[in-house]
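Novice: here is my input; please provide its structure:
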Amino acid sequence: MYPILYSPGHTDFNNLGLGVMIDCTSALVPEDLNGKFELDIEYLANGPLTKYLVNDAQIKVDTGDQTGQLFRIKTVGKKIDGIIPIHAEHVSYISNDLPIKPNTIVDKANAQLALNQMLNAIADNHPLTAYSDITTVSSAEWKVPDFKTPRNILGGVEGSILDNWGGEYQFDNYQIRLLNQRGRYSNTIIAYGRNLTDFEQEESILETYTSIYPYANETSGTSTVLHTLPEFFVDSEYVDKYPNRRVAMVDFSDKFNDKNLYSEDKLRNLAQSYVKANKVGIPKFTLKVSTVDLSGGLDESYNVEEVESLHLADTVKVFFEPLNITAEAKVVGSVYNVLLNQYDSYTLGAKKANFGQWVNDNVNEIKNVADAAQRQAIAAVISANGKNTNYYGDSGDGFPPNPKVGDLYFQKNGDKTTIYQWDGSSWVNLIDTSWQDDFEADMQEKLDQAKEETDAALAEKDEAIKDLDEKVDA
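Specialist: This is a model prediction of the structure:
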């Protein structure tokens, strides 16, 4: 399968355009779920189409689960060893360039209506269309400059369509599809522990929590009472698969109030439900595997054809042989080899349950942030600069989805905290620290300062809300 090249302004793609790029030596399509969708080509410098390789020229290729997808050339590199590297972006990236109207409000609508409002918000002619099968009803407001382009409205900015309606995007040329489930459940079973092993993943398995220690603080006047269970902890069904318990403390204080009084039975039931919903005891994992590794790691009852039908957003089962535990994983990234008409590699991530009911509401602080945190299972607060978000979570939670450049993630792992920052393409490790090491004082000072800045920002927001309420009352 060879790419086909078209001129920048070409509109009829039912022909061979400028020609078939038979002189390319490599053509790969890396795609991430709800993320990038790009094309990287290596072309012989003396090839007959070299003179047509210019910015905005269009290339048509198949991408694994879709045919005839168009990409626009964005960079043509310098010749190195007789090869010209070409980088192109999917034509749906036009949503990064289009301007939007100053303010758009979506009130109690499903995802299809929200997408229609997004299209209506574009302040220029465009070829985009949209479709969604998500029936969730939600509301949103997209104001400039918080939202600068249609791409911001789709995702990556707090309050986006992805934030409020969820789902999985599929970009079919100029049609934007937001699907409740893009992929399918595959019969593929990956036997982790045979040839799909690496040091980091082994470490992740060893650090999997087997049990939780539920507690709740009850405040009455100026005094606070700490409630715990007589048995202290609640085990998952997998606790006996590990050499010893690994217990995580979970705070359920927000589940009790004047209308929902504390009781031991309620705390125990909450803890048991939490263990089940969060799949406590099942390793949280991310695996990047080649197709060759994947085919070799399949259970014996399957064959290589199962791998060939595996696509982005599909759900597979991963069998952890040393633990005798099976977990579900989602294909969250892939690299498709156009020339070979097959996938080169996949990135598999642990499939998360909906933990929304277990995340503190924080409604009195920032309702929008709390709503997003309920869906993402990671508490978040707006950082002091008013533009970025600080996320807080445990090592088993994975990384927050749809971050913005500059966002920080404070990831707790036992007595160790790692601070990451999103640079636009990945989470970069900024600081590793342990609460007992020599950097404790310095780290605590940084965290205290960050907390003070966050509290100040929250206070300003509360004051603004108070002023707005007073004006509404007036």
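
Novice: for residue 50, phi and psi?
Specialist: The phi/psi pair for residue 50 (degrees, to the nearest 10) reads phi -60, psi -40.

Novice: so it sits right up against residue 84, yeah?
Specialist: Yes. Taking contacts as C-beta atoms under 8 Å, residue 50 lies within contact range of residue 84: 6.8 Å. The C-beta positions use only the backbone N, C-alpha and C, and glycine is treated the same way.

Novice: which one of these two is surrounded by more residues?
Specialist: residue 84 (20 against 14; other C-beta atoms under 10 Å).

Novice: run through who's touching whichever strand or helix holds the more buried one.
Specialist: Counting by DSSP states H and E, the element that carries residue 84 is strand 83-90. Strand 83-90 is contacted from outside by 25, 37-45, 50, 53, 59, 69-78, 171, using C-beta atoms under 8 Å, 6 or more residues apart in numbering.

Novice: buried subset of those residues?
Specialist: Buried members of these, counted by 16 or more other C-beta atoms under 10 Å: 37-44, 53, 59, 69-73, 76, 171.

Novice: helix, strand, or coil at the residue nearest to residue 238 when sequence neighbours are not counted?
Specialist: Once flanking residues are discounted, residue 238 sits nearest to residue 281: 3.2 Å by C-beta to C-beta, 6 or more residues apart in numbering. Following DSSP: H, G, I helix; E, B strand; the rest coil, residue 281 is assigned to coil.

Novice: test my guess that residue 281 contacts residue 212.
Specialist: No. Residue 281 is not in contact with residue 212 according to C-beta under 8 Å; the separation is 10.1 Å.

Novice: tell me, what's touching those two both at once?
Specialist: Between them, residue 281 and residue 212 share the contacting residues residue 275, judged by C-beta under 8 Å, 6+ apart.

Novice: what's the neighbour count on residue 46?
Specialist: When neighbours are counted by other C-beta under 10 Å, residue 46 registers 10.

Novice: repeat for residue 268
Specialist: 15.

Novice: could I get the contacting residues of it?
Specialist: 214, 229, 234.

Novice: now it: which helix or strand?
Specialist: Using DSSP H and E, residue 268 sits in helix 264-277.

Novice: export the next helix or strand after that helix as PDB, just CAs?
Specialist: For helix 264-277, the following helix or strand on the C-terminal side (DSSP H and E) is strand 286-290. Provided in PDB are the C-alpha atoms of strand 286-290 (Å, rounded to 0.1, in the frame of the first residue of the first chain):
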ATOM      1  CA  THR A 286       0.700   0.600  30.500                       C
ATOM      2  CA  LEU A 287       2.400  -1.700  27.900                       C
ATOM      3  CA  LYS A 288       4.000  -0.600  24.700                       C
ATOM      4  CA  VAL A 289       4.400  -3.700  22.600                       C
ATOM      5  CA  SER A 290       5.300  -4.500  19.000                       C
END
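
Novice: so which elements touch strand 286-290?
Specialist: Secondary-structure packing of strand 286-290 (3 or more C-beta pairs under 8 Å, 6 or more residues apart in numbering; DSSP states H and E): strand 185-192, strand 325-337, strand 342-350.

Novice: right, so of these, which gets closest to residue 8?
Specialist: Of all these, it is strand 325-337 that lies closest to residue 8, at 24.3 Å by C-beta to C-beta.

Novice: sheet partners, orientation included, of the closest one?
Specialist: strand 24-32 (antiparallel), strand 315-320 (antiparallel), strand 342-350 (antiparallel) (DSSP bridges).

Novice: circling back: in the strand holding residue 84, what counts as buried?
Specialist: For strand 83-90, a neighbour-count test (16+ other C-beta under 10 Å) marks 83-84, 86, 88-90 as buried.

Novice: give me the angle between it and strand 24-32.
Specialist: Calculated by axes from the mean of the first three to the mean of the last three C-alpha atoms, to 10 degrees, strand 83-90 forms an angle of 30 degrees with strand 24-32.

Novice: got the CA positions of stretch 121-141 in PDB?
Specialist: Only the C-alpha atoms of stretch 121-141 are listed here, as PDB (Å, rounded to 0.1, in the frame of the first residue of the first chain):
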ATOM      1  CA  ALA A 121     -19.300  28.600  16.800                       C
ATOM      2  CA  ILE A 122     -16.700  28.600  14.000                       C
ATOM      3  CA  ALA A 123     -16.400  32.100  12.700                       C
ATOM      4  CA  ASP A 124     -15.200  31.100   9.200                       C
ATOM      5  CA  ASN A 125     -16.100  28.800   6.300                       C
ATOM      6  CA  HIS A 126     -15.100  25.200   7.000                       C
ATOM      7  CA  PRO A 127     -15.600  21.700   5.700                       C
ATOM      8  CA  LEU A 128     -16.100  20.000   9.100                       C
ATOM      9  CA  THR A 129     -19.100  17.900  10.000                       C
ATOM     10  CA  ALA A 130     -19.800  16.000  13.300                       C
ATOM     11  CA  TYR A 131     -21.600  12.900  14.600                       C
ATOM     12  CA  SER A 132     -22.100  11.400  18.100                       C
ATOM     13  CA  ASP A 133     -24.100   8.500  19.600                       C
ATOM     14  CA  ILE A 134     -23.600   9.700  23.200                       C
ATOM     15  CA  THR A 135     -26.900  10.500  24.800                       C
ATOM     16  CA  THR A 136     -25.500  12.100  28.000                       C
ATOM     17  CA  VAL A 137     -27.000  15.500  28.700                       C
ATOM     18  CA  SER A 138     -24.700  18.200  29.900                       C
ATOM     19  CA  SER A 139     -24.100  22.000  29.600                       C
ATOM     20  CA  ALA A 140     -21.000  24.100  28.700                       C
ATOM     21  CA  GLU A 141     -19.900  27.600  27.900                       C
END
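
Novice: would you mind measuring from the residue nearest to residue 403 when sequence neighbours are not counted to residue 242?
Specialist: Leaving out its chain neighbours, the residue that sits closest to residue 403 by C-beta to C-beta, 6+ apart is residue 422, at 4.0 Å. Using C-beta to C-beta, to the nearest Å, one gets 33 Å for the distance from residue 422 to residue 242.

Novice: picking up where we left off before, wait, what's in contact with the residue nearest to residue 238?
Specialist: Residue 281 sits in contact with 208-211, 236-239, 241-242, 275, 325, where contact means C-beta under 8 Å, 6+ apart.

Novice: and the least confident of these?
Specialist: Lowest pLDDT of the contacts of residue 281: residue 325, 76.

Novice: thought it was touching residue 241?
Specialist: Yes. In terms of C-beta under 8 Å, residue 325 counts as a neighbour of residue 241; the distance is 6.0 Å.

Novice: between those two, point out the one with more neighbours.
Specialist: More crowded of residue 325 and residue 241, by other C-beta under 10 Å: residue 325, with 20 against 16.
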